[in-house]
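Asks: Output the structure for:
(2 chains)
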Number of protein chains: 2
Amino acid sequence: MLKRLLKRSEYDALEQRYRTQYFNSIVGHKNICLIGTKDFQDRTNLAIFNSLVHIGSNPPLLGIIFRPDSVQRHTYENILSTKEYTVNLIAESDIAAAHQTAARYLREQSEFDQTGLDAEYLKGFHAPLVASSPIAIGVAFRNNIAIPLNGTNLVIGEVQWIKYPEEIVAPDGFADLTKAGIVGCIGLDAYTRGTLVQRFEYAKPDKPPRIKS
Amino acid sequence: MLKRLLKRSEYDALEQRYRTQYFNSIVGHKNICLIGTKDFQDRTNLAIFNSLVHIGSNPPLLGIIFRPDSVQRHTYENILSTKEYTVNLIAESDIAAAHQTAARYLREQSEFDQTGLDAEYLKGFHAPLVASSPIAIGVAFRNNIAIPLNGTNLVIGEVQWIKYPEEIVAPDGFADLTKAGIVGCIGLDAYTRGTLVQRFEYAKPDKPPRIKS
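Replies: Model prediction:
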């Protein structure tokens, strides 16, 4: 394929919507999930995020990048006040409803009601999970780190529980998300189905790459 | 599918390697990329990361989570000293070589030489890019944010240039990574091929989800 080199000055000159679409998609395949929260007036909220990042396994920590002045504000405020939220992976059959949670609904309008996704609760946990989500993760807020460069925040939480289909987990602990119909995304509005190409053994300097069978 | 609820106490009791595999994969599909650097002694380094995260589009900012005491140390040190690095997306034909860069090579052993991936340079940019990468991004270091919870760091850089195949970009700016054979990943060792399921129009509260054609 013929390559183009886009310099920063050319990037900055791109039309704004084009530039946002371009940059969000050109950086690679992404995670996509729904964050479920509930405020102290029992108003639930559900919002879609593609900035989940693994911070560590022991303890199990997950980060999310927030733009606090956006439609994500309700989620952000609920996390900071109630300290609990759920991370819900998305089934291919739910992508239209999941995408719709990005609309600017009022605080009084729950995205669960508006999109038809059902909420479910675990005893003792404040935030709702998405009933149809193949994998739901309960998270307790731990840290809110400001990123002064552009006014975003990295919100870090510690996993409290994970609800998942046992049959997708291999004997070594690997969860094959493709067996549960979980989608990934490209950019701001494209949902992707993943197919497993290959697993590899732990890489060692004195051995060539070995396919894991 | 029958669901299991794994509580935190059960998670903590899992065998360590199983737990790491499990947690890294259960959290969703991920980005996977190679970070290219070169120190001031002209020793190149290439390392695989699955923690790239979008920080913002204007200016274009990318973050990576580092575990500085691991095999990623050479990359981390080179970024902090030279202030330049490349983010290279991975073609399906390169996954074995890309995975092999995770091996603990010595500082004197370039992962380019060890894995057979070719380095390429852009005039005026210190760090090497991966010649066979469908999309390569030149990044200037901006910020290193400590995450005291577990001793990791969020390294943020500002994009300087992007080399990409023009034909994968739609008229609205969307880059269809599936047309360039770019892989995603699950967990620590599984590489995935993405298929586009659907794109949607910008979500609005007064309109149902609309498929983008």
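Asks: And the one helix or strand A:Leu154 maps to, what does it pack against?
Replies: Using DSSP states H and E, A:Leu154 sits in strand A:152-165. Helices and strands touching strand A:152-165, by 3 or more C-beta pairs under 8 Å, 6 or more residues apart in numbering or on different chains; DSSP states H and E, are strand A:60-66, helix A:73-82, strand A:136-147, strand B:3-7, helix B:8-13, helix B:16-26, strand B:136-147. Where you see a C-beta, it was placed from the backbone N, CA and C, and this is true even at glycine.
Asks: Pairing partners for it, with directions?
Replies: strand A:60-66 (antiparallel), strand A:136-147 (antiparallel), strand B:3-7 (antiparallel) (DSSP bridges).
Asks: Alpha carbons of the shortest one, in CSV - could you do that?
Replies: What follows is the C-alpha trace of strand B:3-7 in CSV, where atoms were taken according to Å, rounded to 0.1, in the frame of the first residue of the first chain:
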residue,chain,number,x,y,z
LYS,B,3,-22.1,-17.0,34.5
ARG,B,4,-19.7,-17.3,37.4
LEU,B,5,-19.3,-14.5,40.0
LEU,B,6,-15.6,-14.3,41.0
LYS,B,7,-15.2,-12.3,44.2
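Asks: Pretty sure A:Leu122 sits in a strand.
Replies: No - A:Leu122: not assigned to a strand; according to DSSP: H, G, I helix; E, B strand; the rest coil it is coil.
Asks: Pretty sure it sits against B:Lys3.
Replies: No - between A:Leu122 and B:Lys3 there is no contact under C-beta atoms under 8 Å: 11.3 Å.
Asks: what do the two both touch?
Replies: The contact sets of A:Leu122 and B:Lys3 overlap at A:Lys163 (C-beta atoms under 8 Å, 6 or more residues apart in numbering or on different chains).
Asks: Looking at the two, which one has more neighbours?
Replies: Taking neighbours as other C-beta atoms under 10 Å in any protein chain shown, A:Leu122 and B:Lys3 compare with A:Leu122 leading, 17 against 13.
Asks: What residues does that one make contact with?
Replies: Taking C-beta under 8 Å, 6+ apart, one finds A:Leu129, A:Gly138, A:Trp161, A:Lys163, B:Leu5 in contact with A:Leu122.
Asks: Same question for A:Gln16.
Replies: Here A:Gln16 is in contact with B:Asn58 (C-beta under 8 Å, 6+ apart).
Asks: circling back: to B:Val169, which of the strands paired with strand A:152-165 lies closest?
Replies: B:Val169 sits nearest to strand A:60-66 of all these, at 24.0 Å, using C-beta to C-beta.
Asks: Report the rounded mean pLDDT for the closest one.
Replies: For strand A:60-66, mean pLDDT rounds to 97.
Asks: Compute the inter-axis angle for that strand and helix B:16-26.
Replies: Calculated by axes from the mean of the first three to the mean of the last three C-alpha atoms, to 10 degrees, strand A:60-66 forms an angle of 20 degrees with helix B:16-26.
Asks: what distance separates strand A:60-66 from the centre of its chain?
Replies: 9 Å (C-alpha atoms, centre = their mean, to the nearest Å).
Asks: How about residues contacting it?
Replies: A:35, A:49, A:51-55, A:72, A:75-76, A:87, A:137, A:139, A:142, A:147, A:152-159, B:8, B:11, B:23, B:27, B:53-55, B:63, B:65, B:149-150, B:154.
Asks: so how far is chain B from A:Ile182?
Replies: 7 Å (C-beta to the nearest C-beta, to the nearest Å).
Asks: pLDDT at the residue lying closest to A:Gln114 once chain neighbours are set aside, what is it?
Replies: Of all residues not flanking A:Gln114 in the chain, A:Tyr105 sits nearest, at 5.8 Å (C-beta to C-beta, 6 or more residues apart in numbering or on different chains). Per-residue pLDDT puts A:Tyr105 at 93.
Asks: quick one: contacts for A:Tyr105?
Replies: A:Glu111, A:Gln114, B:Pro205.
Asks: what's around A:Pro209, how many residues?
Replies: Neighbours of A:Pro209 using other C-beta under 10 Å come to 19.
Asks: quick one: A:Ala103 from A:Ser51, how far?
Replies: 19 Å (C-beta to C-beta, to the nearest Å).
Asks: quick one, which of these two is more surrounded?
Replies: Using other C-beta under 10 Å as the criterion, A:Ala103 and A:Ser51 rank with A:Ser51 on top: 21 against 18.
Asks: burial of the residue nearest to the more buried one when sequence neighbours are not counted, as a residue count?
Replies: Counting by C-beta to C-beta, 6+ apart, A:Ser51 lies nearest to A:Ile65, which is 3.9 Å off, once chain neighbours are set aside. By the measure other C-beta under 10 Å, the count of residues near A:Ile65 is 23.
Asks: Would you mind measuring from A:Ile65 to B:Tyr121?
Replies: 31 Å.
Asks: likewise A:Ile145?
Replies: 34 Å.
Asks: now do A:Gln100
Replies: 45 Å.
Asks: okay, these two: which has more neighbours?
Replies: More neighbours surround A:Gln100 than the other of A:Gln100 and B:Tyr121, with 24 against 15 (other C-beta under 10 Å).
Asks: tell me the contacts of the residue most central in space within chain A?
Replies: Chain A has A:Cys33 as the residue nearest its centroid, 3.3 Å off, counting by C-alpha atoms, centre = their mean. Neighbouring residues of A:Cys33 by C-beta under 8 Å, 6+ apart: A:Ile48, A:Phe49, A:Asn50, A:Leu52, A:Val87, A:Asn88, A:Leu89, A:Ile90, B:Gly28.
Asks: now do A:Gln198
Replies: Neighbouring residues of A:Gln198 by C-beta under 8 Å, 6+ apart: A:Ile211, A:Lys212, B:Ile95, B:Ala96, B:Ala190, B:Tyr191.
Asks: And it, how far from B:Ile95?
Replies: Taken as C-beta to C-beta, the span from A:Gln198 to B:Ile95 is 6 Å.
Asks: Quick check: neighbours shared by the two?
Replies: B:Tyr191.
Asks: element containing A:Asp113, please.
Replies: Counting by DSSP H and E, A:Asp113 is part of helix A:111-115.
Asks: How about A:Val53?
Replies: Using DSSP H and E, A:Val53 falls in strand A:52-57.
Asks: Ok, A:Ala98 next?
Replies: helix A:95-100.
Asks: ok, and what's touching that helix?
Replies: Here helix A:95-100 has contacts from A:32, A:34, A:48, A:90, A:111, A:114-117, A:183, A:189, A:191, B:197-198, B:200, B:203, B:208-209, B:211, using C-beta under 8 Å, 6+ apart.
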